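S.K.: kindly generate the corresponding structure for this input.
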Amino acid sequence: MFRITNPKRNELIEAEAQVIVSMINQETGQRIFRPLELELTRISFLALTWTIVHPLNPESPLYQFSLEDFKKVDAEFLIFIKAIDDTYEQKIHSRHSYTFLDIIDGAKFVPLVPQANAAGKIILNVHKISDFEYVSPNP
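M.R.: Residues are numbered from 1 along each chain as shown. All right, here's what the predicted structure looks like:
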């Protein structure tokens with residue numbers, strides 16, 4: 001999971017996400033790149049936040065990976081976001097990467113709850129976008 005927000009005042013529409021995992025093939029020693037399926041690859045409007053999720057199911061190339069497996073293959077996650085700035089009708093792009101050192105196992109994001117100020121304007125504390133809590137494993 002990755003969580004993003006739009007820190008600008010301009011509205012973003014038609015946001016798209018792509019996540020690629022890069023890792024060392026243990027048989028060949030070569031770095032390979034595999035696109036990851038996402039629950040949602042596109043949203044019409046990035047109003048507050050978007051949690052981008054890759055389901056860890058049997059079809060995932062990361063299915064049943066442990067933290068040690070991620071380290072062994074030197075995993076890196078490449079995140080590409082593109083959207084349209086509705087104010088200027090310009091396409092914008094953003095990219096970021098995370099390595100296996102950034103993985104937090106057994107955690108989930110703390111919900112970001114927007115608040116209304118005295119004027120009724122919605123306020124979202126984006127400084128808490130990375131806040132998480134550990135969850136107990138399933139019995």
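
S.K.: and the spatially most central residue of the chain, what does it touch?
M.R.: The residue lying closest to the centre of the chain (Cα atoms, centre = their mean) is residue 2, at 2.2 Å. Residues in contact with residue 2 (Cβ atoms under 8 Å, 6 or more residues apart in numbering) are 19, 51, 52, 77, 79, 98. In this view, the C-beta of every residue, glycine as well, is placed from N, C-alpha and C.

S.K.: what lines up beside the longest strand seen in the chain in the sheet?
M.R.: With secondary structure taken from DSSP state E, the chain has its longest strand at strand 12-24. Strand 12-24 has its sheet partners listed here by DSSP bridges as strand 31-36 (antiparallel), strand 42-46 (antiparallel), strand 76-85 (antiparallel).

S.K.: which one of these is the most hemmed in?
M.R.: strand 76-85 (a mean of 18; mean count of other Cβ atoms under 10 Å).

S.K.: partner strands of the next helix or strand after it, parallel or antiparallel?
M.R.: Remark: after strand 76-85, the chain's next helix or strand is strand 90-99, criterion DSSP states H and E. Sheet pairing of strand 90-99 (DSSP bridges) gives strand 76-85 (antiparallel).
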